[in-house]
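> take this sequence and fold it.
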Amino acid sequence: MLSIMDKCNECKINSRRVSDGASRLFMCLYLRNNPYYTTAIPTFMGTAFIELYIPDIGCEKKIVFKELKSFVKAEQKNIDIDNLDTEMKKVTVEFNLKEIKKPIKIEFNELQPIPVFVTATETSPIDFKVVFLYEHQGQKIKIE
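Here you go, the predicted model:
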């Protein structure tokens with residue numbers, strides 16, 4: 001009886017994984033033809049990467065700063081150990097954008113929404129990608 005229950009549970013878990021994978025695939029195919037602007041919430045960050053939660057699609061995405069072509073450097077503000085309950089993490093990231101002649105600095109604050117552009121990758125396996133946005137003179141510039 002236990003072996004039958006184990007087999008049923010295994011089949012249920014595998015079915016759920018396939019269903020979740022298919023949903024993600026169809027979402028990515030939709031995003032490939034219908035990219036859009038939205039907001040993301042930084043849930044964890046440091047000087048090497050940032051993890052974002054995108055409420056519109058209910059997914060998380062990790063962005064490694066060194067993988068961005070325009071990345072220069074990142075600095076994290078030290079948090080006072082006595083104020084851990086009230087103080088949020090802050091990371092300042094510097095980028096060199098070809099549209100702007102001088103380097104720009106963007107401060108990311110934990111749990112503070114930031115503007116992003118969501119689309120699908122062009123490579124296989126297909127996935128969605130999140131691109132930071134920087135507004136300059138009324139123009140939205142993608143930071144890739």
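> residues contacting I126?
Counting by CB atoms under 8 Å, 6 or more residues apart in numbering, I126 makes contact with L25, C28, L29, R32, A120. Every C-beta, even on glycine, is put in place using the N, C-alpha and C of the backbone.
> what about the residues you listed, which are in helices?
Among the contacts of I126, DSSP state H puts L25, C28, L29, R32 in helices.
> make a ChimeraX selection of the buried ones in those.
Written as a ChimeraX command, the selection of buried residues from the ones in helices among the contacts of I126, which uses 16 or more other CB atoms under 10 Å, is:
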select :28
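> buried stuff in whatever helix or strand I4 lives in?
Per DSSP states H and E: I4 is located in helix 2-33. The neighbour-count check on helix 2-33 (16+ other CB under 10 Å) flags M27, C28, L31 as buried.
> could you check the pLDDT of L68?
You'll see L68 listed with a pLDDT of 92.
> where does the prediction get shaky in this protein?
79-87 (pLDDT under 70).
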